[in-house]
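K.L.:
coordinates only, no sequence provided:
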């Protein structure tokens, strides 16, 4: 009964949400739309990293690398050949990439799939390497992606990056993917596969003794997480219109880790809330970097102040709010229903 | 390829190896005692360079005093980082302290950007150290030789500390079995403070030599040396000083030799180092000198 | 023909010989015990059977199949289940989910069919849930099915571990000190319980136990280990009289109770 009821509630709210998106896309100003797009991308990144770090308990710092793969692969597929010629003026782009142009959606998908392949390669050493070491290996991986993309001039255009990318990303694309990510990962962790992942997190040795194939499930988490990170990378590239290898550095991964930590390791709801919060917060914090006048005094903007405040928040979160906004709790219609039910019965008395 | 050129590169490789080795020892000592990857170690390295810089420009210290001052301040910095960011989480799940270490690294980098500015600054080059010595055909910079000599001295002193003093014994006991050592009445806090002080001073020494060789300093300069040194520590076997030095040499040599002999592949240097790390972890997870 | 057979199995840890040339056979339906002083290598034998550690030499056969090099999840799928000396539950999962995890290896549906809840997956999920609930009923934890596993009292946690092991549909069940930390009353109940599940699920059980009342009370055959070697094997009454065993226990000074 409840399951049916909550299903329709969910459908109803998703419909309302997309009506809102439609309204926002046509009526809101470009600045707010941009932040909302970023928020959606943060949600995708946070939820997908939470699958690896929060639900499977594998500490990965590789998200920036997966994003870079998704961003570059999709951009190289949806850019027009003329645009490619303009970008690659030092060394021409290799064949057949210089001829191809495909629509945005399949380009995104291919980007995501390539990131997923990388996720498999990174997840495989998980079998031998654990905890801190895994963090180092995945961090190393994302640095290597950066090094490779800086050097593979004829594929990635090296440190020059790709400029003038067409802006396909709009609220429909970004929030469409965000909703799909939430749906997919929520369903995954609630399924039998998800139970196996959580079992690995809680006790790896016992999980294995109960027949859970560690290799298959750890790589599953990495592959799915990396896929969505790749998609988010593709969306981001088409949103900011310029990508270069050094944009996908460890700072980016740290930001995503912060989103997950603030939201709560193992809570999708928390991650969604903190993803949106951080997107808006980071924009508002831009104020501290622009000069301002208070009581007639001009305070010059300090560059980097935004990131400093951001890292202070990160430290406060780690030291004092270790469980994030929601810990590992989730929003569910059932809990809402039960609140109403309690109230009803109390009123009845 | 001439023989003399090779020897020059060899000398450079050894000097760089010492630099990486000393940073790697910092990682190894801390990991051995508190079982924590001190992600902020590379940034402690960076801060040391800025301490020297401001010692000279702000307080007009002579360069050698500034060096000593920086080593001292860096040790203090290391101790305070441990007190603020790691100590409160000592009994928390590993993932928390790992996040705290990452956050600390992030914080130091951004702090440096705001306070010192993001642009590169020139590191002071003492005239005395810039001389070039000619040994037969081989031309070696004095800095290279000083690096090697001072590093050996630091290593000997470290060896004395770890194997001949009570504090060293406490450190070894903690890294062998934390809980038992605690029960045996070892002063855990003091030992950990000491470990961070030693690790950070070693980082400061190597940072100074690094900056004398590559005289540009900026807030993110610690990221790559830090990452390579940590790789060195893992390759050598975390917890082993001998291993950290060996790993440091290996990576120092690869860094120098790759640039010297295969300049086309120099851009991939870190990719090579990373591959090496993965292979070591896959086939000998405890590193070359690690204990099972 | 023995169901499970260890043939001259040896395992070193560094310089220490944990298991030395041990041969052991379990017959179908047997309830046997593995005893010995602390550090005799009992748990190591469990870890070797289930594939947590590779053996240094010797081989292990299960239903005439060589399983010496199999991984833990493979031996579990073949029908060897275990519990742990220091309970290892999935603390943050519910009681029901703990048991359902152990059914997971039989799942045939793909990840996609699980995520999109396709009919085939829905049916398998229902079957897993039903089977898990039946097992929880059998061990008396049905009412607590939605509690977090870590919130259960100690005795219930032990039972949940057994229910979880049963969910892998084992032929052989390895119990590592099931009575540890229980009071005499609980222990008595546990003994009945072990016998009951042996008959109900037609299991072959090998248990490690320090509590001699349990071992002597329910085991049909006992193997005694000391310093990694088998020093005696036989029925409870034979073991009690065995001079080697008495010497091992009294001589080592660690165990005088029996």
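P.N.:
Looks like it came in fine. In this text the structure is predicted, and so the values were computed from the model without any measurement.

K.L.:
in the stretch 1-150 of chain B, which spans are helices?
P.N.:
B:3-34, B:41-57, B:63-81, B:94-116, B:142-164 (DSSP state H, counting those that start in this stretch).

K.L.:
make TSV out of those helices and add mean pLDDT and distance to residue A:34.
P.N.:
(C-beta placed from N, C-alpha, C; glycine too.) Putting the helices of the stretch 1-150 of chain B into TSV (pLDDT from 0 to 100; distance: least, Cβ to Cβ, whole Å) gives the following:
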stretch	mean pLDDT	distance to residue A:34
helix B:3-34	88	41
helix B:41-57	93	32
helix B:63-81	93	37
helix B:94-116	87	24
helix B:142-164	89	50
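
K.L.:
what is the burial count for the residue in chain C that chain B sits nearest to?
P.N.:
Nearest to chain B in chain C, going by Cβ to the nearest Cβ, is residue C:14, at a distance of 6.8 Å. Neighbourhood size, residue C:14 [other Cβ atoms under 10 Å in any protein chain shown]: 8.

K.L.:
who's in contact with stretch B:191-200?
P.N.:
B:25-27, B:29-30, B:33-34, B:38, B:41, B:44, B:74-79, B:81-83, B:87, B:158, B:161, B:167, B:170-171, B:174 (Cβ atoms under 8 Å, 6 or more residues apart in numbering or on different chains).

K.L.:
which of the residues you listed count as buried?
P.N.:
B:25-27, B:29-30, B:33-34, B:38, B:41, B:44, B:74-75, B:77-79, B:81-82, B:158, B:167, B:170-171, B:174 (16 or more other Cβ atoms under 10 Å in any protein chain shown).

K.L.:
in the strand or helix carrying residue A:26, what's buried?
P.N.:
If you go by DSSP states H and E, residue A:26 is part of helix A:2-27. By neighbour count with 16+ other Cβ under 10 Å, helix A:2-27 contains the buried residues residue A:21.

K.L.:
the helix or strand just after it near chain C at all?
P.N.:
Next helix or strand after helix A:2-27 toward the C-terminus (DSSP H and E): helix A:30-50. No: judged by Cβ under 8 Å from any Cβ of the partner chain, helix A:30-50 makes no contact with chain C; its nearest approach is 13.9 Å.

K.L.:
helices or strands next to the helix or strand following helix A:30-50 in the packing?
P.N.:
Following helix A:30-50 in sequence order, the next helix or strand is helix A:63-78 (DSSP H and E). Counting contacts by 3 or more Cβ pairs under 8 Å, 6 or more residues apart in numbering or on different chains; DSSP states H and E, helix A:63-78 packs against helix A:30-50, helix A:104-123, helix A:131-151, helix A:214-240, helix A:250-263.

K.L.:
okay, the ones you listed in JSON lines with distance to residue A:62 and mean pLDDT next?
P.N.:
Formatted as JSON lines, the helices and strands packed on helix A:63-78 follow (distance: least, Cβ to Cβ, whole Å; pLDDT from 0 to 100):
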{"stretch": "helix A:30-50", "distance to residue A:62": "9", "mean pLDDT": "94"}
{"stretch": "helix A:104-123", "distance to residue A:62": "5", "mean pLDDT": "94"}
{"stretch": "helix A:131-151", "distance to residue A:62": "4", "mean pLDDT": "85"}
{"stretch": "helix A:214-240", "distance to residue A:62": "8", "mean pLDDT": "95"}
{"stretch": "helix A:250-263", "distance to residue A:62": "7", "mean pLDDT": "87"}
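
K.L.:
anything in stretch B:250-267 near chain A?
P.N.:
Yes: part of stretch B:250-267 sits close enough to chain A to count as contact by Cβ under 8 Å from any Cβ, namely residue B:267.

K.L.:
list the buried residues for that stretch?
P.N.:
Quick answer for stretch B:250-267 (16+ other Cβ under 10 Å): B:250-256, B:258, B:260, B:267.

K.L.:
then stretch A:276-290?
P.N.:
Under 16+ other Cβ under 10 Å, the buried positions of stretch A:276-290 are A:276-279, A:282-283, A:285, A:288-289.

K.L.:
could I get the full set of helices for chain C?
P.N.:
For chain C, helices defined by DSSP state H occupy the ranges C:42-50, C:72-78, C:95-103, C:111-115, C:119-139, C:154-166, C:184-200, C:212-218, C:236-241, C:243-252.

K.L.:
again but with the stretch 151-292 of chain B, I slipped
P.N.:
B:166-176, B:178-183, B:188-213, B:223-236, B:241-261, B:269-283.

K.L.:
just how off-centre is the shortest one within its chain?
P.N.:
If I follow you right, that is helix B:178-183. How far helix B:178-183 lies from its chain's middle: 28 Å, per Cα atoms, centre = their mean, to the nearest Å.

K.L.:
would you mind checking the average pLDDT for it?
P.N.:
The average pLDDT within helix B:178-183 is 82.

K.L.:
list the buried ones in that helix?
P.N.:
B:178, B:181.

K.L.:
then the last one?
P.N.:
Using 16+ other Cβ under 10 Å as the burial criterion, the residues of helix B:269-283 that qualify are B:269-274, B:276-278, B:280-281.

K.L.:
quick one: that helix near chain C?
P.N.:
No: against chain C, helix B:269-283 shows no contacts by Cβ under 8 Å from any Cβ, the least distance being 15.5 Å.

K.L.:
surely residue C:51 touches residue C:75?
P.N.:
Yes: applying Cβ atoms under 8 Å, one finds residue C:51 in contact with residue C:75, separated by 4.9 Å.

K.L.:
shared neighbours, these two?
P.N.:
residue C:67.

K.L.:
who in chain C is up against chain B?
P.N.:
residue C:14.

K.L.:
thinking residue B:240 is in contact with residue B:31, fair?
P.N.:
No: taking contacts as Cβ under 8 Å, residue B:240 lies outside contact range of residue B:31: 10.4 Å.

K.L.:
follow-up on the earlier one: mind checking which of the helices of the stretch 151-292 of chain B is nearest residue C:212?
P.N.:
helix B:178-183 (30.5 Å; Cβ to Cβ).

K.L.:
counting contacts, what elements does that closest one pack onto?
P.N.:
helix B:166-176, helix B:188-213.

K.L.:
show residues contacting that helix.
P.N.:
Contacts for helix B:178-183 (Cβ under 8 Å, 6+ apart): B:33, B:35, B:170, B:173-174, B:188.

K.L.:
OK, contacts around the residue of the stretch 51-200 of chain A found nearest chain C?
P.N.:
At 3.9 Å from chain C, residue A:191 is the closest residue in the stretch 51-200 of chain A, using Cβ to the nearest Cβ. By Cβ under 8 Å, 6+ apart, residue A:191 lies in contact with C:111, C:114-115, C:117, C:121, C:125.

K.L.:
again with residue C:211
P.N.:
Contacts of residue C:211 by Cβ under 8 Å, 6+ apart are C:179-180, C:187.

K.L.:
which one of those residues is nearest to residue A:103?
P.N.:
Among those, and counting by Cβ to Cβ, the member closest to residue A:103 is residue C:180, at 63.4 Å.

K.L.:
contacting residues around that closest one?
P.N.:
C:85, C:210-211.

K.L.:
make it 10 Å
P.N.:
Residue C:180 is in contact with C:85-87, C:154, C:158, C:187, C:208-211, counting by Cβ atoms under 10 Å, 6 or more residues apart in numbering or on different chains.
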